[in-house]
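Student: Using only what follows, build the 3D model:
(one chain, ligands or ions: 1)
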Amino acid sequence: MRASQQAPIGMFDSGIGGLTVANALSRRLPSESLLYFGDTARVPYGPKSPDTVRRYALQIGEWLVREGVKCVVVACNTATAHALDVLQSSLPVPVVGVVEPGARAAVRASRIGPIGVIGTSGTIASGAYTRAIHRLSSHATVLAAPCPLFVPLVEEGWGDHPATRLIVREYLAPMRDARVDTLVLGCTHYPLLAPVLAAEMGPAVRLIDSAEETAVEVERILADRGLLNNAAGGHAPEPRHRFVASDAPGHFLALGRRFLDAPLTAVEYHVFT
Ligand code: DGL
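Tutor: As a prediction, this is how the structure comes out:
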């Protein structure tokens with residue numbers, strides 16, 4: 001069965017953080033419909049074992065395919081780190097993660113290095129970013145550090161709170177000491193802390209948000225397969241976005257409005273049994 005150009009782009013995250021990737025996709029590909037799944041029943045993925053995250057990711061990926069998506073974007077860094085390979089070998093549609101695009105953007109931005117990477121405990125322990133950066137630039141020096149408290153701070157809306165500034169200072173001290181010239185925000189939530197992170201690192205350090213580069217990659221993959229919604233050259237219909245959560249859709253709606261640039265009016269509920 002061949003996916004149609006009008007089919008939505010499927011995407012998922014452990015919760016709402018992946019909406020930062022949805023924003024980038026909508027900006028770059030405004031004619032594309034999105035089907036976004038947030039696994040709010042099982043968030044956070046960051047501290048969970050690779051096997052558990054892989055099981056969740058496969059369940060969601062297979063569900064997205066049953067819903068008729070033309071590709072799957074793994075908007076979660078932790079799920080990309082642990083499950084991209086298994087999703088790519090199991091699903092019948094193209095699967096794009098956020099780690100490789102982030103690594104590419106970092107290698108492009110870095111002048112003399114080192115390159116810093118921050119993410120959840122799972123993402124950092126997996127070594128996925130370090131491997132991806134070394135595939136692109138074998139001599140790059142990479143310094144990776146987990147920042148597990150950042151996700152709850154963002155979820156609390158404490159992006160600009162004195163406690164957040166203190167924690168940022170503590171976590172980023174090794175990055176400052178090592179004088180990284182580029183810092184990869186290897187977690188969906190971290191772009192929401194960008195002003196505080198930038199203030200701590202100083203203006204010379206480039207902050208890399210993989211969302212934009214991921215959107216470029218999705219566009220390329222869809223274009224290669226003739227699956228862009230405007231590929232026929234005609235007028236693409238208005239995109240239709242669906243947002244689905246596995247728990248507390250009302251909470252997703254309230255919190256999601258802080259993350260999503262477009263109006264968020266309805267969130268569906270789907271639970272895996
Ligand atoms: N979405 C996760 C990530 O990008 C952060 C939240 C979580 O731990 O589930 O790694």
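Student: what does the stretch 151-273 of the chain have sitting close to the ligand?
Tutor: Counting by C-beta under 6 Å from any ligand atom, the residues of the stretch 151-273 of the chain close to the ligand are Val151, Cys187, Thr188, His189. Every residue, glycine included, has its C-beta placed from N, CA and C.
Student: just curious, which of those is nearest to Asp13?
Tutor: Thr188 (5.7 Å; C-beta to C-beta).
Student: my guess is that closest one contacts Asp13, does it?
Tutor: Yes. Counting by C-beta atoms under 8 Å, Thr188 touches Asp13, with 5.7 Å between them.
Student: any residues in contact with both of these two?
Tutor: Residues touching both Thr188 and Asp13 (C-beta atoms under 8 Å, 6 or more residues apart in numbering) are Val21, Ala75, Cys76.
Student: Now for the residue nearest to the first one when sequence neighbours are not counted, how many residues are close by?
Tutor: Pointing back at Val21 there. Leaving out its chain neighbours, the residue that sits closest to Val21 by C-beta to C-beta, 6 or more residues apart in numbering is Ala75, at 3.9 Å. By other C-beta atoms under 10 Å, 29 other residues sit near Ala75.
Student: hang on, isn't Ala75 packed against Ile9?
Tutor: No. Using C-beta under 8 Å, Ala75 makes no contact with Ile9, being 10.5 Å away.
Student: Mind jotting down where the helices sit in the stretch 51-200 of the chain?
Tutor: 77-90, 99-109, 121-126, 128-136, 150-155, 162-177, 194-201 (DSSP state H, counting those that start in this stretch).
Student: and Gly202, how far is that from Asn23?
Tutor: Distance, Gly202 to Asn23, by C-beta to C-beta, to the nearest Å: 26 Å.
Student: quick one: which of these two has more around it?
Tutor: Asn23 (18 against 8).
Student: That one in helix, strand or coil?
Tutor: For Asn23, the secondary structure call by DSSP: H, G, I helix; E, B strand; the rest coil comes out as helix.
Student: Let me see the contact set for the closest residue to it other than its chain neighbours.
Tutor: Of all residues not flanking Asn23 in the chain, Asp261 sits nearest, at 4.7 Å (C-beta to C-beta, 6+ apart). Asp261 is in contact with Asn23, Ser26, Arg27, counting by C-beta under 8 Å, 6+ apart.
Student: Count the residues that sit near the nearest residue to Glu212 once chain neighbours are set aside.
Tutor: Of all residues not flanking Glu212 in the chain, Ala24 sits nearest, at 5.1 Å (C-beta to C-beta, 6+ apart). Residue neighbour count, defined by other C-beta under 10 Å, stands at 23 for Ala24.
Student: show me what contacts Ala24?
Tutor: In this structure, Ala24 makes contact with Ala211, Glu212, Thr214, Ala215, judged by C-beta under 8 Å, 6+ apart.
Student: low pLDDT regions in the protein?
Tutor: Low-confidence segments of the chain, defined by pLDDT under 70: 1-2, 231-237.
Student: Can you pull up the most central residue in it?
Tutor: Centroid-nearest residue in the chain: Ala75, 3.3 Å away (criterion: C-alpha atoms, centre = their mean).
Student: Give me the contacts around stretch 210-222.
Tutor: Contact with stretch 210-222 is made by 9, 20-21, 23-25, 27-29, 32, 70-71, 73, 75, 77, 94, 96-102, 104-105, 184-186, 191, 228, 231, as judged by C-beta under 8 Å, 6+ apart.
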